[in-house]
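S.K.: requesting a structural model of the entry that follows:
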Amino acid sequence: VVILHACRAGPDYLSCVAQHVLTLFPDADQYLPQLPCHLFSRADPEEIAQKQLRAIDQIWKDKEGGYTSITFVGHSIGGLLARRIFLLKAAQEASSEKSQGRLFWAGKVDRIVLLAGMNRGWSAGHHLSLASYVQWKSGTGIAAMLGPIGKEPFLIMAIRRGAPFITRLRVEWIQ
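M.R.: Next comes the predicted model:
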């Protein structure tokens, strides 16, 4: 079971989910990585997904393909990353010839559980309280102004509704 946390959280934040998984599936292995998803993160969500794909590949290889299934649980941005990792692996497997030694596990994914998943990215809208709306709009403005100063844009801007990462993920998910 791969459990991916939200922005401004960590693996400990989903410890209750991990406990519940152990209750339901006592023999299941769990992978709860620390994602670079802090408030001022400039990590590229595509690179985060690629890194986690490599980590899961290594876990699969170490177990010698001995898993009967893989379940992803993603909270908020973790849900976006879970879907992206799955799509990356499925595309990788589709373009590779099946041969001995390959790490084929996309077909073993039995479900992707989204907890407060941001399927279309985030936006500051009518669903927020006035105070939260002002905070999000102010933060968005500051991030837009400060974004060009660094090498990469802020992660939070890369998962905003309409951002290229979100749009590509949605289109590929539909396909």
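
S.K.: tell me the helix or strand right after the helix or strand bottoming out on mean pLDDT in the chain.
M.R.: Lowest mean confidence among the helices and strands of the chain (mean pLDDT, DSSP states H and E): helix 130-146, at a mean of 71. Moving toward the C-terminus from helix 130-146, the first helix or strand encountered (DSSP states H and E) is helix 155-158.

S.K.: distance between the next helix or strand after that following helix and the chain's centre?
M.R.: Reading on from helix 155-158 to the C-terminus, the next helix or strand found by DSSP H and E is helix 164-174. The gap between the average C-alpha position of helix 164-174 and the chain average comes to 13 Å, counting by C-alpha atoms, centre = their mean, to the nearest Å.

S.K.: ok, stretch 3-20 next?
M.R.: So, by C-alpha atoms, centre = their mean, the centroid of stretch 3-20 is 12 Å from its chain's centroid.

S.K.: where do the strands sit along this protein?
M.R.: Taking DSSP state E to define them, one finds strands in the chain at 2-4, 70-75, 109-115.

S.K.: put together TSV for the ones you listed, with distance to P11 on each row.
M.R.: In this view, the C-beta of every residue, glycine as well, is placed from N, C-alpha and C. As requested, the strands of the chain are arranged in TSV below (distance: least, C-beta to C-beta, whole Å):
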stretch	distance to P11
strand 2-4	7
strand 70-75	11
strand 109-115	14
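
S.K.: any chance of those strands in a markdown table with mean neighbour count as columns?
M.R.: A markdown table is the format used below for the strands of the chain (neighbours: other C-beta atoms under 10 Å):
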| stretch | mean neighbour count |
| --- | --- |
| strand 2-4 | 25 |
| strand 70-75 | 23 |
| strand 109-115 | 15 |
